[in-house]
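Undergrad: below is the sequence, then the predicted model.
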Amino acid sequence: MLLDWNGHRDELLGVVGEYAKLQPEFMKGLMKMDAGASAMGHLDKKTHELIALAVAITTRCDGCLSVHVKAAARQGATREEIAEALAVAISLNTGAALTYTAHALDAFDALPNA
């Protein structure tokens, strides 16, 4: 196992709880935004969690990953469904890196005497 994910998640949530005591108004706003984003409209809870997990992967957030893996599993996501959602995230990240090369080449072409 790469990391003690359960211990990491618990420790992280404890530290976030301490931060919440220092910034209660900010945390109230953040929780309100989270509640709005989590409201069920057209997507079910499992889909919400798979999207959150995909974003956690592309932003490389271990804390988010640990929270949303657990939440996705609680919503019935299988290991195979998580792997498929993450394949989409990996593919999109790769595609974004590929298309962003246009910026690097453009920056190079903008150099004087390039």
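TA: In hand now; what should we look at?
Undergrad: flag every buried residue along the helix or strand hosting Tyr100.
TA: Taking DSSP states H and E as the definition, one finds Tyr100 inside helix 79-110. Neighbour counts over helix 79-110 (16 or more other C-beta atoms under 10 Å) mark Glu81, Ile82, Ala85, Leu86, Ala89 as buried. For glycine as for every other residue, the C-beta is placed from the backbone atoms N, C-alpha and C.
Undergrad: ignoring the adjacent residues along the chain, who's closest to the third one?
TA: So the one you mean is Ala85. Take Ala85 and drop its neighbours on the chain: the residue closest to it by C-beta to C-beta, 6 or more residues apart in numbering is Leu50, 4.2 Å away.
Undergrad: which helix or which strand is home to the one you found?
TA: Per DSSP H and E, Leu50 falls inside helix 45-58.
Undergrad: need the contact partners of the helix or strand just after that helix.
TA: Counting by DSSP H and E, the next helix or strand C-terminal to helix 45-58 is helix 62-74. The contact list for helix 62-74 (C-beta atoms under 8 Å, 6 or more residues apart in numbering) reads 3, 5-6, 8-9, 12-13, 46, 49-50, 52-53, 55-57, 81-82.
Undergrad: Gly14 and Lys28: what is the separation?
TA: Counting by C-beta to C-beta, to the nearest Å, the gap from Gly14 to Lys28 is 19 Å.
Undergrad: so what pLDDT did Gly41 get?
TA: We have a pLDDT of 89 for Gly41.
Undergrad: please disregard the earlier target; I meant Ala114.
TA: Here the pLDDT value assigned to Ala114 is 67.
Undergrad: nice, that's everything, thank you.
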